[in-house]
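>>> Dropping the sequence and predicted coords here.
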Amino acid sequence: MEIGTYAAKTHLPELIERVRRGERITITKRGRPVAELRPVAVADPDALRAALERLDRSRARLRARGVRASKADILAAIREGRR
């Protein structure tokens, strides 16, 4: 669904309820998309645990090759690679 900025401001409580039910809403200004309302992703504890285990295995492989890297170093490299 798309909605203009003025209408979004006027109907925000209704829009929030629609988003809470899973809908995505694009807010436009002069017909151009400027923002999106979407449900917040809920962290899956099992997925988080699995990701941290993969990170620990990566660190172990690096240590085996003599490379020292903290979790923060690895995460920063991943973020840099996504740019």
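Yes, it's here.
>>> hey, let's count contacts and neighbours off CA atoms from now on
Will do.
>>> quick check: domain ranges of the protein?
2-37, 45-81 (automatic domain parsing).
>>> CSV for those, including mean neighbour count and mean pLDDT?
Compiled in CSV, these are given as follows (neighbours: other Cα atoms under 10 Å; pLDDT from 0 to 100):
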stretch, mean neighbour count, mean pLDDT
domain 2-37, 14, 96
domain 45-81, 12, 86
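>>> okay, the residue most central in space within the chain: pLDDT?
Closest to where the C-alpha atoms of the chain average out (Cα atoms, centre = their mean) is residue 41, at 7.2 Å. Looking at residue 41, its pLDDT reads 82.
>>> Quick check: it vs residue 67, distance?
When Cα to Cα, to the nearest Å is the yardstick, residue 41 and residue 67 sit 34 Å from each other.
>>> And whichever helix in the chain runs longest, what does it pack against?
In the chain, assigned by DSSP state H, the helix with the most residues is helix 45-64. For helix 45-64, the packing partners by 3 or more Cα pairs under 8 Å, 6 or more residues apart in numbering; DSSP states H and E come out as helix 71-81.
>>> hmm, who's touching the helix it packs on?
Under the contact criterion Cα atoms under 8 Å, 6 or more residues apart in numbering, helix 71-81 has outside partners 55, 56, 59.
>>> Please write out the alpha-carbon positions of that helix in PDB.
Extracted in PDB, the C-alpha atoms of helix 71-81 (Å, rounded to 0.1, in the frame of the first residue of the first chain):
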ATOM      1  CA  LYS A  71      34.300 -11.000  16.900                       C
ATOM      2  CA  ALA A  72      34.100  -7.300  16.300                       C
ATOM      3  CA  ASP A  73      36.800  -7.500  13.700                       C
ATOM      4  CA  ILE A  74      35.000 -10.200  11.800                       C
ATOM      5  CA  LEU A  75      31.600  -8.500  12.000                       C
ATOM      6  CA  ALA A  76      33.200  -5.200  10.800                       C
ATOM      7  CA  ALA A  77      34.700  -7.100   7.800                       C
ATOM      8  CA  ILE A  78      31.400  -8.600   7.000                       C
ATOM      9  CA  ARG A  79      29.700  -5.200   7.100                       C
ATOM     10  CA  GLU A  80      32.400  -3.800   4.900                       C
ATOM     11  CA  GLY A  81      32.000  -6.600   2.400                       C
END
